[in-house]
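Engineer: Below are the sequence and a predicted model for it; my questions follow.
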Amino acid sequence: MNDWLAGLEAFLDPTVLVLTPVGILLGVLIGAVPGLSATVGISIFLPFTFTLDPLAGLALLLGIYNGACYAGSIPAVLLRTPGTPASAATVLDGYPMTQKGQAGRALSTSLVTSVAGGLIGTFLLIVFSPYVAQFALSFGPPEYFGLAVLALAIIASLGGGMISKGIISGALGVLIAMVGLDGISGFNRFTFGISDLSAGISLIPLLIGLFGVAEAFSQLEKKLHAQKGAGEVGSYRLGWKRLRHITPATMGSSLIGFFIGALPGVGGDVGGYVAYNETRRFARTDRDQFGKGDIRGVAAAESANNSAQVGGLVPTLTLGIPGNAAAAVLIGALLIQGLRPGPQLFTGSPELVYGVFIAVALGFVFLLVVGYAGIRFWGQVIRIPPKLLWPAVLVLSIVGAYAVRTNPFDVLVMVAAGIIGYLMTKGGYPVAPLLIGLIVGPLAEDNYRLAMIQSGGGYGWLLHPITLVLLAVSLVSIVVAVWRERREKAQQPKELA
Amino acid sequence: MDTTKRDRLTAGLLMVFAVIVFAFTFTFPAPGQPLDPGVAAMPRIVAVIIFAAAAVPLLRPQEGERLPRGMGAARVGGTAVLLVAYAYSLDAIGFVFATIAFLVLELLLIGVRHWLPLVAMPLVTSIGLFLVFRNALDVPLPTSGIGGFPL
């Protein structure tokens, strides 16, 4: 109870109270623009938090994190273009509703179920996180090594694309994290005499480059034209009957989304698709209407992706392992403030953790108010001229990279990361595993070496029960993903024939 | 170049890179304490993983997205060059002037020709961000120092 009071006191700080709805508003504006995902949004607004108190900064970023996840549904419904990857499944029924002249109703459904999914996810986050953190307090180096391997295995196997490319991407992230002074021996690794590299490659410029700049490059290669708005949107009213109709899909999908999102490295896009498929499979009536503009499809996808987004905060806060790419940026924000996420955060800074819980929950209430107040306006955000938007994103990226250490070298790192991220996307190498590798790489290496030292130089620590389970799950996730990939490849020629 | 050939070439380059990383670790010092696997252990494991995983796209290359050509390539390449120049000019001419120069050139590069956005957007963005970061957020963006100019 004391922790809750401390959290409430921290949340009632005027700066936090103001920045929570500001974050939600920014998130909605960002998510509504195709290409500007929650990860990009958090990356470009990160420098605004450097001098703020930790909770104020996190409240702003979490508002963007959750607001963008909802708003990704706006272009998904109106233009058949998901604003963020998490809204990919929303297109399946959201756009057909627009074609039927029911865009207004689809947007209202998306808002209500996003908030419902977010609040259910927040409730589960509050219930489960303290237990996970308590359990994690007993973890030693072998268990942390196992966790780091699990995070990389899951993101490589579920991150989309060829599994081997996901593994390469994650391994490159681990390798980049090794650049700089080794904490145990004091040796400078892979620095090649460049003094700026001794402190390691700064995380913030790298992630701004990998997401913000790389996305800007992808957009700039196209001819940039402002989007036209949707035509007839129809009524925004849902009514009790429709709300009752979508409630089972919303509740079930929120649960599915949360537990998928809580897996290290898996985001709302996977949660949205899985929940959509399960809702269709278990639908008692009119199952054939899914994909043709069924309101339950929008409810399932949106409640699941918002719940998954919150679920991603469980491993982020309790274990220091990012739940998804955007959560990795949140870890970067905490590190900048001198805070290391993990079980110690719950014992060392309970006011921050519980303040975050309150900020997330009230953020969704703000989202309902802000979202409904501007529901006729958000669709117009897609008309922002991209020829002005993307250069502005580049300038904000530069400011973010420079402001970390006021060092132009970091800006060069950001540009290089942008080029690498852009080329990786072109080659089918997913970028998210690289980012997860960057975060969990030091965790894996430090704990591997500590486990070896503590066990007298042998590998017996790999047989610790929790470590063994984590490594076995990692292996199974890779094997299953490889099997699935081979099966899909084998089916492709048949489908083509 | 065909995208599958490019995929195979990338995989080959990654394998070469992994071999170089592995070989380079032999220049690292031996562990300070006998039970520590040392600074070379993890890079070697990672190099082996990259080498093994890269064998898959080498043997079974995928089709990928095509790299842009013509104006698309010019916009991406030009933007990268402008960003590098921007990075170097920050300390030399200050944030405001460097940002104005970058934005004007970038807008021209992506085809903006109307005078209003070419003038207003760089001025508003650069001065606005400078004031917000320097005054409200205490983040010291570099000043020009040109003739005692405050920006």
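Structural biologist: Perfect, I can see it now.
Engineer: how about the residue in chain B sticking out farthest from the centre, what does it touch?
Structural biologist: Each residue of chain B has a distance to the centre, and by C-alpha atoms, centre = their mean the biggest one is for B:Pro34: 39.6 Å. For B:Pro34, the contacting residues are A:Gly457, by C-beta atoms under 8 Å, 6 or more residues apart in numbering or on different chains. Using the backbone N, CA and C atoms, a C-beta is placed for each residue, glycine as well.
Engineer: May I have the secondary structure class of it?
Structural biologist: State at B:Pro34, reduced to three classes by DSSP: H, G, I helix; E, B strand; the rest coil: coil.
Engineer: just the one 3 residues further on next, same as before
Structural biologist: Counting by three-state DSSP, the backbone at B:Pro37 sits in coil.
Engineer: quick one: it from chain A, how far?
Structural biologist: In this view, B:Pro37 and chain A are 5 Å apart by C-beta to the nearest C-beta, to the nearest Å.
Engineer: could you pull out the helices for chain B?
Structural biologist: In chain B, the helices defined using DSSP state H lie at B:3-24, B:41-59, B:70-93, B:95-109, B:115-131.
Engineer: and these as JSON lines, adding distance to chain A, mean neighbour count and mean pLDDT?
Structural biologist: Formatted as JSON lines, the helices of chain B follow (distance: least, C-beta to the nearest C-beta, whole Å; neighbours: other C-beta atoms under 10 Å in any protein chain shown; pLDDT from 0 to 100):
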{"stretch": "helix B:3-24", "distance to chain A": "5", "mean neighbour count": "17", "mean pLDDT": "94"}
{"stretch": "helix B:41-59", "distance to chain A": "4", "mean neighbour count": "20", "mean pLDDT": "94"}
{"stretch": "helix B:70-93", "distance to chain A": "4", "mean neighbour count": "17", "mean pLDDT": "91"}
{"stretch": "helix B:95-109", "distance to chain A": "5", "mean neighbour count": "21", "mean pLDDT": "94"}
{"stretch": "helix B:115-131", "distance to chain A": "6", "mean neighbour count": "16", "mean pLDDT": "92"}
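Engineer: and the ones you listed as JSON lines, adding distance to A:Gly268?
Structural biologist: Listed next are those as JSON lines, based on distance: least, C-beta to C-beta, whole Å:
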{"stretch": "helix B:3-24", "distance to A:Gly268": "29"}
{"stretch": "helix B:41-59", "distance to A:Gly268": "27"}
{"stretch": "helix B:70-93", "distance to A:Gly268": "29"}
{"stretch": "helix B:95-109", "distance to A:Gly268": "32"}
{"stretch": "helix B:115-131", "distance to A:Gly268": "30"}
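Engineer: List just the one of the ones you listed that sits closest to A:Ile42.
Structural biologist: Comparing those by their distance to A:Ile42 (C-beta to C-beta), the top pick is helix B:115-131, with 17.7 Å.
Engineer: A:Gly166 is in contact with A:Leu172, isn't it?
Structural biologist: No - using C-beta atoms under 8 Å, A:Gly166 is not in contact with A:Leu172; the gap is 10.8 Å.
Engineer: Please identify which of those two sits among more neighbours.
Structural biologist: A:Gly166 (30 against 23; other C-beta atoms under 10 Å in any protein chain shown).
Engineer: tell me which element that one falls in.
Structural biologist: helix A:163-177 (DSSP states H and E).
Engineer: That helix vs chain B: in contact?
Structural biologist: Yes - judged by C-beta under 8 Å from any C-beta of the partner chain, helix A:163-177 and chain B are in contact via A:164-165, A:167-168, A:171-172, A:174-175.
Engineer: shaky segments in chain A?
Structural biologist: A:1, A:158-161, A:225-231, A:265-267, A:379, A:381-382, A:492-497 (pLDDT under 70).
Engineer: ok, A:Arg376 - how many residues close by?
Structural biologist: Count around A:Arg376 with other C-beta under 10 Å applied: 12.
Engineer: that older thread, can you check which of the helices of chain B gets nearest to A:Gln380?
Structural biologist: Evaluated over the helices of chain B, closeness to A:Gln380 peaks at helix B:115-131, with 18.8 Å, by C-beta to C-beta.
Engineer: Next, the angle from the closest one to helix B:95-109.
Structural biologist: Angle of helix B:115-131 versus helix B:95-109, following axes from the mean of the first three to the mean of the last three C-alpha atoms, to 10 degrees, is 150 degrees.
Engineer: who does helix B:115-131 touch, helix- and strand-wise?
Structural biologist: Counting contacts by 3 or more C-beta pairs under 8 Å, 6 or more residues apart in numbering or on different chains; DSSP states H and E, helix B:115-131 packs against helix A:386-405, helix B:95-109.
Engineer: what's the angle between the shortest one and helix A:386-405?
Structural biologist: What it means is helix B:95-109. Going by the same axes, to 10 degrees, helix B:95-109 makes 150 degrees with helix A:386-405.
Engineer: Give me the distance from helix B:95-109 to the chain's centre.
Structural biologist: Distance of helix B:95-109 from its chain centroid, counting by C-alpha atoms, centre = their mean, to the nearest Å, is 18 Å.
Engineer: Return the residues of the stretch 1-150 of chain A in contact with chain B.
Structural biologist: A:47-48, A:50-52.
Engineer: In space, what's closest to the residue most central in space within chain B - neighbours in sequence excluded?
Structural biologist: The centre of chain B sits closest to B:Ala80, judged by C-alpha atoms, centre = their mean, with a distance of 7.7 Å. Setting aside the residues directly before and after it, B:Ala80 is nearest to A:Ile419 in space (C-beta to C-beta, 6 or more residues apart in numbering or on different chains), at 6.0 Å.
Engineer: on contacts alone, who are the packing partners of the helix holding A:Gly166?
Structural biologist: helix A:141-158, helix A:432-454, helix A:465-496, helix B:41-59.
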